[in-house]
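Q: A structural model of the following input is requested.
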Amino acid sequence: MDIVMLKRQGLSKRQIAKRLGIHRGTVSGYLERGGQPPPPPASRRGSVLGAFADRIKAWMEEDDYHATWMHQRLKVLGFSGGLRAVQRFVRGVRDRLVRKAFLRFETEPGQQAQVDFAELAVVNEAGETVAKYHMFLMVLGFSRKRYAELLLRPNLTNFMEAHQRAFRFFGGVPAEILYDCMKTVVIRRRGKEPQWNEGFHSFAEHTGFAPRLCPPYASWVKGKVERPIRFIREGFWRGYRCASLASGNRDLLAWLLEQESRIHGTTCQSIAERFEAERVHLGPLPRTDFDTSARHFRSVGKDCIARFDRNRYMVPHRAVCKEVLVRVKDGLLRVFDGAELLVAYQIPEGHGHLVADPELVRALREDPEQNRMKYRRPPEGHKGKARTLGPVATPWAVTVQYRPIAEYLAAAGVGHE
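A: Just a heads-up that it's a prediction; the model follows:
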């Protein structure tokens, strides 16, 4: 402080050094650092961890292991240092790992929605889990308007039907929807080109939105849907007495609508107010709902049977030896050959059943072409014995003239002995 004050009074470095009885280089150093003292000299002592530092970093990237856990395993590997050394090293690395910086981004009205699942448990008075529901949540990116629904199973059929109900609730379809790498959306991801789930991708094309994927292990990318999950868990589900799936869905949606009048902490506007601005930018609803029934491919045998779930179903005989599409939903099984509906059956209870339409049996018996191929009479004299065609009977047979060997010898001028 004295050095800085004397400098402000107009004294030179030489004069300051002489008045304070210090070296002129010390004066220069303090002035360059704005009056701050010099940093402590770096320790020349090597780290006791040595070659074990990389192993500790690898463990920390793998999971959230405690320093005591790592110290015990390092001792087995020959580490002679104490627990404190490992704790200091772990603390320094962990501080650097948690200091992640993010940029908040906002989307244009109608541009994007985000979708995620959450598991909610129903417990009894003893704290035992008696039911598990899977909550589907879709959030519009601009307004933060939310649609949530409880499902028994998060399969593809329920997943797509929840989308359709969400779109009807919003009154339109966003341009794109952001997802995790869930199997109902993408089969596998190799580089930038994902292999989409065929059924879901057809649903997206039919409905008119583009699916988008978050980077792996980067849930913060879809924070607009991650944070409301915690909000619903604590604000609605904790302490709620769920009597049934239907009542739970009814109460959940009513609770979400009540929250739309609150001022959002990020947008500083209510969800209802922002949604009025976003509604007009959503895409139109499709004219028809997508067929969300489960899709399965089956081969039809020569007995006109397609097998599904340990039952046998008869299909029209024109589909014999073909691969057909079996669609199942709400106890109804439909069989398609391309876009043509071949037959539909109610799925029987239990297994081992043969389900057949008498009209298909009659059509097969009365088909003249089938009867001609299966029941034509063999040629006369065949009587079931094996036959072969001789050389005279073949269409490519030719007539060959035979001559004595003497004629060939005479023509060649060779005498005959």
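Q: Count residues in the vicinity of Ala113, would you?
A: By the criterion of other C-beta atoms under 10 Å, Ala113 has 31 neighbours. (Each C-beta comes from the backbone N, C-alpha and C, glycine too.)
Q: Please tell me I have it right and it contacts Leu140.
A: Yes. Using C-beta atoms under 8 Å, Ala113 makes contact with Leu140 at a distance of 5.2 Å.
Q: Touching both of those two, which residues are there?
A: Any residue near both Ala113 and Leu140 by C-beta atoms under 8 Å, 6 or more residues apart in numbering counts here, and that gives Pro174.
Q: The chain: helices as residue ranges?
A: Assigned by DSSP state H, the chain shows helices spanning 2-8, 13-20, 24-32, 53-62, 67-76, 83-98, 156-170, 198-207, 223-232, 245-259, 271-279, 358-365, 368-375, 405-411.
Q: Tell me which of the ones you listed lies nearest to Ser299.
A: Taking C-beta to C-beta, helix 358-365 is the member of those nearest to Ser299, at 17.5 Å.
Q: Spatially central residue for this structure, please.
A: Taking C-alpha atoms, centre = their mean, the centroid of the chain lies closest to Met182, which sits 2.4 Å from it.
Q: For that one, give me its contacts.
A: Listed by C-beta under 8 Å, 6+ apart, the contact set of Met182 reads Phe117.
Q: Look up the pLDDT of it for me, please.
A: We note a pLDDT of 88 for Met182 in this prediction.
Q: ditto for the one 3 residues further on
A: We note a pLDDT of 92 for Val185 in this prediction.
Q: go on, Gly331?
A: Per-residue confidence (pLDDT) for Gly331: 89.
Q: since we're on it, how many residues are nearby?
A: Residues contacting Gly331 under the criterion other C-beta under 10 Å number 10.
Q: Do I have it right that it meets Tyr345?
A: No. With contact defined as C-beta under 8 Å, Gly331 does not reach Tyr345; the gap is 9.8 Å.
Q: So Leu178 is in contact with Val221, correct?
A: Yes. If you go by C-beta under 8 Å, Leu178 and Val221 touch, sitting 7.3 Å apart.
Q: rewinding a little: what do Gly331 and Tyr345 both touch?
A: By C-beta under 8 Å, 6+ apart, Gly331 and Tyr345 have no common neighbours.
Q: how many other residues sit next to Arg8?
A: Around Arg8 there are 8 other residues, counting by other C-beta under 10 Å.
Q: before we move on, back to that, overlap in contacts of Leu178 and Val221?
A: Both Leu178 and Val221 are contacted by Cys214, under the criterion C-beta under 8 Å, 6+ apart.
Q: Those two: which has the busier surroundings?
A: Neighbours were counted for Leu178 and for Val221 using other C-beta under 10 Å; Leu178 has more, 21 against 16.
Q: and the more buried one, what are its bridge partners?
A: As for beta bridges, Leu178 partners with Gln114, Arg212 under DSSP bridges.
Q: what separates it from Arg94, distance-wise?
A: 30 Å (C-beta to C-beta, to the nearest Å).
Q: I figured Cys242 hits Asn124, correct?
A: No. Counting by C-beta under 8 Å, Cys242 does not reach Asn124; the two are 11.3 Å apart.
Q: between those two, which one's more packed in?
A: Legend: neighbour count by other C-beta under 10 Å for Cys242 and Asn124, higher for Cys242 (19 against 9).
Q: Please list all residues in contact with that one.
A: With contact taken as C-beta under 8 Å, 6+ apart, Cys242 is in contact with 122, 131, 133, 248.
Q: hang on, His163 packs against Pro211?
A: No. With contacts counted by C-beta under 8 Å, His163 stays clear of Pro211, the gap being 10.6 Å.
Q: And these two? Which one has more around it.
A: His163 (25 against 19).
Q: so who does that one touch?
A: Residues near His163 by C-beta under 8 Å, 6+ apart: 115, 138, 203, 207.
Q: Which residues are in contact with the second one?
A: Okay, so that is Met138. Per C-beta under 8 Å, 6+ apart, neighbours of Met138: 113-115, 146-148, 162-163, 166, 177, 225.
Q: what sits opposite it in the beta ladder?
A: Val115, Tyr147.
Q: Please determine how far it is located from Glu407.
A: 100 Å.
Q: Any idea how far apart the tips of stretch 320-340 sit?
A: Using C-alpha to C-alpha, to the nearest Å, the end-to-end distance of stretch 320-340 comes to 15 Å.
Q: How is the chain divided into domains?
A: 2-32, 52-98, 112-279, 294-365 (automatic domain parsing).
Q: okay, those, which one's buried deepest?
A: Among the domains of the chain, the stretch with the highest mean neighbour count (mean count of other C-beta atoms under 10 Å) is domain 112-279, at a mean of 16.
Q: what's the spacing between Val280 and Gln269?
A: Going from Val280 to Gln269 by C-beta to C-beta gives 17 Å.
Q: Which two of the contacts of His163 have the greatest separation?
A: Greatest spacing in those, by C-beta to C-beta: Met138 and Phe203 (14.2 Å).
Q: just checking, Thr267 touches Arg144?
A: Yes. Between Thr267 and Arg144 a contact is recorded at 6.9 Å, counting by C-beta under 8 Å.
Q: Pull up the overlap in contacts between these two.
A: With C-beta under 8 Å, 6+ apart, Thr267 and Arg144 have common neighbours Arg274.
Q: ok, Glu323 - contacts?
A: Per C-beta under 8 Å, 6+ apart, neighbours of Glu323: 297-300.
Q: Let's see that with 7 Å instead.
A: Shown in contact with Glu323 (C-beta atoms under 7 Å, 6 or more residues apart in numbering): 297, 299.
Q: That one and Lys224: what is the separation?
A: As judged by C-beta to C-beta, Glu323 and Lys224 stand 42 Å apart.
Q: And for Ser28?
A: With C-beta to C-beta as the criterion, Ser28 and Lys224 are 54 Å apart.
Q: Residue ranges in the stretch 101-250 of the chain under the pLDDT threshold?
A: Counting by pLDDT under 70, the stretch 101-250 of the chain shows low-confidence ranges at 101-105, 191-192, 217-220.
Q: Try it again at 90.
A: Where the stretch 101-250 of the chain drops to pLDDT under 90, the residues are 101-108, 121-131, 180-183, 187-195, 198-199, 213-227, 230-231, 234-235, 238-244.
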